[in-house]
Every structure is written in C-alpha cells, then in structure tokens.
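Colleague: Have a look at this prediction, sequence included:
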Amino acid sequence: MDWSDENLYTILEKIGTSLKGRRVQMGLSQEDLSERSGVSPSSIARLETGKGNISLLNLLSLLKELDLLNELQLIFRDPNLSLALLAKSKTKKPRQRVRKQKKISPNEHKEWIWGKQNE
C-alpha cells in the first residue's frame, strides 16, 4: 500500500477503518475499548470515521489495547539495526554521534617555513 500520493485525510480515514476492523474482530464495542484504553468513546468514533484527529498518546493507547503496538516497530526500529548500518558495523565501529565537517582555511594548505628563510 503506497500512501505517498494520498491526501492526509484519506490516510486518516484508512487508519480509522483499519482500527475499527481490528476492534470489531476482537469483539469490542467502542465503549469497551474506551474503558480499556482510557480514550473517550467520541475520540474513538471520530478516529474510526476519519472525521477527527486524536493525540499520539491516545493513538498509542488504542494500538496497545488492540494488540497492534508492536507493529510500530516496523516503522520506528532501532537505527542501529538498519541493514546498511549492520553491513558497515562488520567492518568498522558503529558511530556514536554525528560531527560537523571541519572547514579548511585557505592558509592551511601553505607550507610552513621557519623565521626569515624566504628572504
């Protein structure tokens, strides 16, 4: 499923529909899910219809109660576990931080000479 060209509100509707399907599959009413997650029934209804926006914490609470929280690990995985970094780690020590590149001053490439040897 490629959402890169989708309108954000369309994506919100798709997420809401998916969460509603999961809730129904688990045999939970909106009120049941509300009690378990601490998210108001009206917020759940707005999310499921794509008519409203909820906070990230509320979304995480819903995902947890719907047993979908681990699915986020596919998106927000540990950066040390990326394939490119794993390949590099076999050859060199993993980076701990990113540093700015040093700018080389124009005088840095000139040969240094003692005292008045040029005269």
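Modeller: It's in. Since we're looking at a predicted model, the values are computed, not measured.
Colleague: pretty sure Gly52 contacts Ser43?
Modeller: Yes: at 7.1 Å, Gly52 and Ser43 qualify as touching, with contact defined as C-beta atoms under 8 Å. C-beta coordinates here come from the backbone N, C-alpha and C atoms, glycine included.
Colleague: between those two, which one's more packed in?
Modeller: Neighbour count, other C-beta atoms under 10 Å: between Gly52 and Ser43, Ser43 has more, with 19 against 14.
Colleague: Quick check: that one vs Asn58, distance?
Modeller: From Ser43 across to Asn58, the span is 6 Å (C-beta to C-beta, to the nearest Å).
Colleague: which residues sit in contact with Gln30?
Modeller: Applying C-beta atoms under 8 Å, 6 or more residues apart in numbering, we find Gln30 in contact with Arg23, Pro41, Ile44, Ala45, Glu48.
Colleague: Please name the nearest non-neighbouring residue to Ser34.
Modeller: Pro41 (4.5 Å; C-beta to C-beta, 6 or more residues apart in numbering).
Colleague: got the phi/psi numbers for that neighbour?
Modeller: Phi and psi for Pro41, reported as degrees, to the nearest 10, are phi -60, psi -30.
Colleague: pLDDT wise, what is the spatially most central residue of the chain at?
Modeller: Centroid check for the chain by C-alpha atoms, centre = their mean gives Phe76 as the closest residue, at 4.5 Å. Note for Phe76: predicted pLDDT of 78.
Colleague: three-state assignment of it?
Modeller: Here Phe76 is coil, with the state taken from DSSP: H, G, I helix; E, B strand; the rest coil.
Colleague: do the same with Leu60
Modeller: Under three-state DSSP, Leu60 falls in the helix class.
Colleague: Tell me the spacing between the nearest residue to it once chain neighbours are set aside and Lys100.
Modeller: Excluding its sequence neighbours, the residue lying closest to Leu60 (C-beta to C-beta, 6+ apart) is Leu69, at 6.8 Å. For Leu69, the distance to Lys100 (C-beta to C-beta) stands at 37 Å.
Colleague: Many thanks, I have nothing further to ask.
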